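S.K.: sharing a model that was predicted from the sequence below.
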Amino acid sequence: MTAPVMAQAAPEAAVQMRKTTYIQAVNEALREEMRRDESVFILGEDVAHYGGLFRVTRGLLDEFGPQRVIDTPISEQGFMGMALGAAAVGMRPVVELMYMDFTLVAADQIFNQIAKYHYMTGGLIHLPIVVRGQQGGGKRYGSQHSQCVEGLYAHFPGIRVVVPATPYDAKGLLKSAIRDDNPVVFLEHKMLYFTRGEAPPAEVEYTVPIGLADVKRTGQDLTLVTYGYCLLQALEAADALAARYGIQVEVVDLRTVNPMDTDTIWESVAKTGRLLAVHESYANCGVGAEVVARAYEEAPHLLRAPARRLGMAPVSIPVSKPLEDEILPWKQQIMAAVLEMMRA
Amino acid sequence: MTAPVMAQAAPEAAVQMRKTTYIQAVNEALREEMRRDESVFILGEDVAHYGGLFRVTRGLLDEFGPQRVIDTPISEQGFMGMALGAAAVGMRPVVELMYMDFTLVAADQIFNQIAKYHYMTGGLIHLPIVVRGQQGGGKRYGSQHSQCVEGLYAHFPGIRVVVPATPYDAKGLLKSAIRDDNPVVFLEHKMLYFTRGEAPPAEVEYTVPIGLADVKRTGQDLTLVTYGYCLLQALEAADALAARYGIQVEVVDLRTVNPMDTDTIWESVAKTGRLLAVHESYANCGVGAEVVARAYEEAPHLLRAPARRLGMAPVSIPVSKPLEDEILPWKQQIMAAVLEMMRA
Amino acid sequence: MSASISPQILPSEAETRLEVQPLPLDRLQQMYRTMFLIRRVEESLLQAAEEGKIGGAMHTAIGMEANAVGAAHATRPDDYVTCTYRGHHHALARGMDPGQAIAEVMGRATGFAKGKGGSMHFVDPEHGLMGANGVVAAQVPHAAGMALAAQLRGEDRVALTFFGDGALYQGVMHETFNMAAKWKLPIVFYLENNRYSEMTPIWRTSSVEALYRFPRAYGIESMQIDGNDVEVVYTAVAQAVERARAGEGPTFIEALTYRLAGHMAGDLETYRTEEEKALQRQHEPLMVLRNKLLERGARPEELEAIQAQVEEEVQAAVAFAEESPWPDIAQAYTDVFYL
Amino acid sequence: MSASISPQILPSEAETRLEVQPLPLDRLQQMYRTMFLIRRVEESLLQAAEEGKIGGAMHTAIGMEANAVGAAHATRPDDYVTCTYRGHHHALARGMDPGQAIAEVMGRATGFAKGKGGSMHFVDPEHGLMGANGVVAAQVPHAAGMALAAQLRGEDRVALTFFGDGALYQGVMHETFNMAAKWKLPIVFYLENNRYSEMTPIWRTSSVEALYRFPRAYGIESMQIDGNDVEVVYTAVAQAVERARAGEGPTFIEALTYRLAGHMAGDLETYRTEEEKALQRQHEPLMVLRNKLLERGARPEELEAIQAQVEEEVQAAVAFAEESPWPDIAQAYTDVFYL
Ligand SMILES: Cc1ncc(C[n+]2csc(CCOP(=O)(O)OP(=O)(O)O)c2C)c(N)n1
Ligand SMILES: Cc1ncc(C[n+]2csc(CCOP(=O)(O)OP(=O)(O)O)c2C)c(N)n1
Ligand SMILES: [Mg+2]
Ligand SMILES: [Mg+2]
């Protein structure tokens, strides 16, 4: 996987890359931004002394102290609302939700407040807030601890939605998110935390701009648009499809769901003529449906076959391994969808 | 407008219809179901003594007493959770949210709890709950009191989503919703409350089944799929398009957004070859995008032109009249969209 | 225990007896001026609403003016304030231009938020008003976040948040009380107890009879005061602000007050009697202050002159608003993101 | 005030002194049996988790067994119970079959919810367990709704809801306390204060030191008890249930207890010391009850026999679960709606 080309934001070409984990990348982005800007601080459950249930904020309390890394009570509405207040007066809160499913506990503060504040105040107040945390299935956490929520966040205007898949992108995008003057939700996936990838060493400055997709695999037969953990599944599926069927799938990593870099998608579809959007959040009224709808609004002439989407089936998420495996729109489902489209 | 044909559920053909308002229809449905079934009761703010901010529950306290029509404190999470508990042990709570925007205040109870309970318990518990209230723009209530939320509800599995546009449908569907053994959200629109339409007299039994669309206007040029207040706007637009341009739009009233009666849509599209979905909730990752995505999954061969959707622009909802008028996807926007599709 | 949630209790019957230092006469006259201004702006807005010039939900604070004015005088312009959809009085008390206020309610381009926010979303960062809110209680954690920011930065700013009696039972209040108490945030919780939440009297839904005692469960300092006496309000808020600036943490003030107009424009008011309103009119804030001023030697003509001045100012403000242009259509699409 | 939120306080130091009527020996032996069963099931689940046989988040209640068993004995099978993701002990105490319980945690078709709910969603309507919950505090209003249903129907059933110390500061708790108190619902709020919410000690986030005093702010009857003494638990719950059935409204019970295992399987437990655990082991519920039984004349052999029996039962249950089939794939798509 190559680092995306972004002259202005990427580190010196000469930098020696190293392998790092996704968790480490997120942790470094937090640390470096907190060093850079005193107004950045962290709020969440177990984030300070324990370093986060998933150890993402590990070590930050030691370096920045309890004023800037704050263990909250289990009061998501309250501390999300406090993040709004702090941001309204110039701070840059980074709020951890332990599981992104708890977005629903704080939904009023997120969607009725944070997302709308700039607009409702006629632009008088803006809110540099990052909400981050892990989501997704694959570890049998069941219905209330496994949902992917990017479709929910993207439905409402006013929040940028970032879903990076690689350590490189995670670090670069989190830095951009923290520097952004708007609310950004930054969605990690529990299956990504221990994955490894190339990134510049700590303290070598780079960012990845929000709103730019990245072609992570080239191919001429079909454009597969995805992001987050599904990217890894899609790349595996693409390799298997190439090996077994000679089908060359081009994999576009959206990285940001809102705003959506449709230019990059259409550019790819112009080549392949086929479009499949894949994600783990619910299919119904979801991101994939949005990609399809935009394709027929903006680029219908490019499509040689009906555009399709693949998302989570309309079921709650079961604990039992074979049941969870069945519903996750991962490698097998992706391969099946691609084959069906190629045969049609 | 004719009453939909539903032999088993509709009243005797001989019944003399009368004109009634949407509010009255909803009120009657509540009253009749409460008479019919002692386990039906109402919870909400101002619902008992005042009879509801929009007077929808007027008179029910007098007839059924304070045990069955309960004025709650402003505690949406709490009373939504209580509705779950009561339903789990056999009651049939009908919860009023004063503005459907406050769905977000109770979102955990609605989407993480009520929607998932049947599944998480492996079918051991089911929840006959109706959540109802008014939504929508047009009266300059601004960002936090004007949102349409059916796209949000439809994203999550486990809740039926009903959005009736006429007094007849409202009464018949609310009765079905209350009798349904599953969670149903019943979405009224503030612009519909004083609209009038034909319905059988009070106490003449009929229901409208959940999950059945209804063709409210026939035409051969384009299929316009909509529901709720947009139906009225679409019918006006259709008449204007016919008068001015001779374009005959077939208007399909979805009535239920989840489950979605795609059969009726495809049947219409088979005739017209053109599909436009219209709604007032946000376009992004919304119901219209879902209709378009399903069209290309299930019926791409029927489409002679790219399917399109029209929904709320990705902005918070402004108070100022000309600004609100600008963004509501109503008659003017509908006409423009149809014309654009017919010209393409 | 006096059931201060009953609308039969007058604000003057509040339980906490504060030592009220009389304010200088000119200060009181200034306060009178602002309170009268608020009253007249609210009345003119109600009239405009009746004339169909205002849409949406418009809530006035007629009868509650002293809360806003006393509190504004007891805080600094660089303190932070949040309030509810019933927020015109707080904005005007802090110094918002009445013309911009009325224009906003009418949805005009000259409104402080270009007509996008309207009556329920008053905001004026220059005067420290950081936002009103249409969702009950949502503004309360916002103020706590501002207090947290002040604390983190080592500033001596204080946050002051207004909410109604009905707001007490939104869960987020509880969460905020706990964090504010635990972290000793420099915040003042100000409850305007007007005895109703919309059309429901608070006694019907509250398990607690003396609301101000409730926050003591968190160890929060708390008092119940006469919210219709501007000097009392000033004294209470000044004390609370002093504690907050000194790092002693939050204070809760329950101010007994009463809304003399409907919950919002168009309210039928079927839920209360004329007698009840007549009773409460005996202790309405403008009259209380007027009597106080006269007792302390102000001359009636002075007050008439103030009123006449205000009358003119309000007329001019209404005219300004009505003559203001509508916002440009393009404005519908801006301010989603800060660019 | 004893800071009962500190993990240095033993459950036996609880503030409320109840008059505890000794239970008959055979009842106590029955209780011992169930408590030991819970302990062994939990331990076997932890072992299975270590062996990779269980996914997800699995929380055990080792050290907290007396709360579940005392409460189950003090309620009727037709009373309603809700609890948290840490709910195995409540299900077993009410009579859930251990085989079905373990099978569910392992995601097998023979689990009570066909493997769909798993460890965090224990439910057993036949025994009155109406649901556990993965979202902190969400189950509390559910119980209030059940209590409301009982009240509306004129039944004398009672709802009992369990939650942790960390749950107290979810807003919905506050909302539920108020409505339960206002409507005098037949509900018992049972706080299992194990002094930690995940890896954070509750003293770090709570403004309140004696949690049981907090609900008194709503006028809710409240007590703090030794949650590790099953007789005390029984007595407290029996009293609370009696009040509820008599229409006297809610009672809040704070039971001091301690979780001896990690928050969930795999917890590194960096946040507490071995000394602290050793201290708390001195008053762990099985030992407390064992000593009590021996003092009251039970013979050690009797207890050994019970343990041996349980041991066999648990082994059989584990074997049953492990040999159970996986659910049919089609099950992934059922139970979204009740048809
Ligand atoms: C979360 C939420 N629920 C319901 C409403 C509808 N509502 C608006 S004002 C109000 C009453 C609030 O009463 P109170 O807090 O006493 O303030 P007051 O209006 O008396 O100033 C209600 C229920 C709302 N805005 N937000
Ligand atoms: C709303 C919500 N926020 C956060 C979590 C994550 N979480 C699970 S258990 C837990 C701690 C709960 O502590 P406590 O209530 O004391 O119960 P205990 O685990 O000690 O039994 C947290 C924060 C959650 N499940 N729900
Ligand atoms: Mg009030
Ligand atoms: Mg605990």
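M.R.: Nice, thanks for sending it over. Ligands and ions are numbered 1, 2, ... in the order given.
S.K.: pull the longest helix from chain A.
M.R.: Longest helix in chain A by number of residues, with DSSP state H as the criterion: helix A:229-245.
S.K.: and the direction of the helix or strand just after that helix versus that of helix A:229-245, what angle?
M.R.: Next helix or strand after helix A:229-245 toward the C-terminus (DSSP states H and E): strand A:249-253. Angle of strand A:249-253 versus helix A:229-245, following axes from the mean of the first three to the mean of the last three CA atoms, to 10 degrees, is 170 degrees.
S.K.: for strand A:249-253, which strands pair with it and how are they oriented?
M.R.: Strand pairing for strand A:249-253, using DSSP bridges, gives strand A:214-217 (antiparallel), strand A:222-226 (parallel).
S.K.: pull the residues that contact the first one.
M.R.: Put plainly, it is strand A:214-217. The contact list for strand A:214-217, computed with CB atoms under 8 Å, 6 or more residues apart in numbering or on different chains, reads A:1, A:4, A:165, A:169, A:231, A:235, A:238, A:249-253, A:255, A:264, A:268. C-betas here are computed from N, CA, C, even on glycine.
S.K.: per-residue confidence averaged over that strand?
M.R.: On average, the pLDDT along strand A:214-217 is 98.
S.K.: is the helix or strand encompassing A:N27 positioned near chain C?
M.R.: Taking DSSP H and E as the definition, one finds A:N27 inside helix A:22-36. No: using CB under 8 Å from any CB of the partner chain, helix A:22-36 stays clear of chain C, with a minimum separation of 12.4 Å.
S.K.: what separation do you get for C:P250 and ligand 2?
M.R.: 24 Å (CB to the nearest ligand atom, to the nearest Å).
S.K.: next, the contact list for that residue, please.
M.R.: C:P250 touches C:F177, C:A180, C:A181, C:K184, C:L185, C:P186, C:I187, C:V188, C:F189, C:I220, C:E221, C:A244, counting by CB under 8 Å, 6+ apart.
S.K.: nearest to chain B among those?
M.R.: Taking CB to the nearest CB as the measure, chain B sits nearest to C:F177 out of the contacts of C:P250, at 15.3 Å.
S.K.: quick one on the thing from earlier: can I get the longest helix of chain A as PDB, trimmed to CA atoms?
M.R.: The C-alpha coordinates for helix A:229-245 follow below in PDB (Å, rounded to 0.1, in the frame of the first residue of the first chain):
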ATOM      1  CA  TYR A 229     -12.200  -1.900   8.200                       C
ATOM      2  CA  CYS A 230     -14.200  -3.000   5.100                       C
ATOM      3  CA  LEU A 231     -11.300  -1.600   3.100                       C
ATOM      4  CA  LEU A 232      -9.100  -4.400   4.400                       C
ATOM      5  CA  GLN A 233     -11.800  -7.000   3.600                       C
ATOM      6  CA  ALA A 234     -12.300  -5.500   0.200                       C
ATOM      7  CA  LEU A 235      -8.600  -5.600  -0.600                       C
ATOM      8  CA  GLU A 236      -8.500  -9.300   0.400                       C
ATOM      9  CA  ALA A 237     -11.600  -9.900  -1.700                       C
ATOM     10  CA  ALA A 238     -10.000  -8.100  -4.600                       C
ATOM     11  CA  ASP A 239      -6.900 -10.200  -4.500                       C
ATOM     12  CA  ALA A 240      -8.900 -13.400  -4.300                       C
ATOM     13  CA  LEU A 241     -11.100 -12.300  -7.200                       C
ATOM     14  CA  ALA A 242      -8.000 -11.500  -9.300                       C
ATOM     15  CA  ALA A 243      -6.400 -14.800  -8.400                       C
ATOM     16  CA  ARG A 244      -9.400 -17.000  -8.900                       C
ATOM     17  CA  TYR A 245     -11.400 -15.200 -11.600                       C
END
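S.K.: counting neighbours, which bits of it end up buried?
M.R.: Using 16 or more other CB atoms under 10 Å in any protein chain shown as the test for burial, helix A:229-245 gives A:Y229, A:C230, A:L231, A:L232, A:Q233, A:A234, A:L235, A:A237, A:A238, A:A240, A:L241.
S.K.: again, but for stretch A:51-65
M.R.: Residues of stretch A:51-65 classed as buried: A:G51, A:G52, A:L53, A:F54, A:V56, A:T57, A:R58, A:L60, A:L61, A:F64 (neighbour count, 16+ other CB under 10 Å).
S.K.: equivalent analysis for stretch C:202-212, please.
M.R.: C:I202, C:W203, C:R204, C:T205, C:S206, C:S207, C:V208, C:E209, C:A210, C:L211, C:Y212.
S.K.: residue of chain C closest to ligand 3, please.
M.R.: Nearest residue of chain C to ligand 3 (CB to the ion) works out as C:G164 at 3.6 Å.
S.K.: enumerate every residue touching that residue.
M.R.: C:T84, C:R86, C:V136, C:L191, C:E192, C:N193, C:N194, C:S197.
S.K.: what's opposite it in the beta bridge?
M.R.: Bridge pairing for C:G164 - DSSP bridges - gives C:E192.
S.K.: quick check, pLDDT for it.
M.R.: Per-residue pLDDT puts C:G164 at 98.
S.K.: same question for A:A344.
M.R.: As summarised for this prediction, A:A344 has a pLDDT of 81.
S.K.: ok, it - contacts?
M.R.: So A:A344 contacts A:A305, A:P306 (CB under 8 Å, 6+ apart).
S.K.: quick check: it vs A:T166, distance?
M.R.: 32 Å (CB to CB, to the nearest Å).
S.K.: what about the longest helix anywhere in chain C, average pLDDT?
M.R.: Longest helix of chain C, by residue count under DSSP H: helix C:25-50. Average pLDDT, helix C:25-50: 98.
S.K.: buried ones from the contacts of strand A:214-217, can you make that a ChimeraX selection?
M.R.: In ChimeraX, this line selects whichever of these come out buried by 16+ other CB under 10 Å:
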select /A:4,165,169,231,235,238,249,250,251,252,253,255,264,268
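S.K.: so which of the contacts of strand A:214-217 sits lowest on pLDDT?
M.R.: For those, the pLDDT minimum is A:M1, 29.
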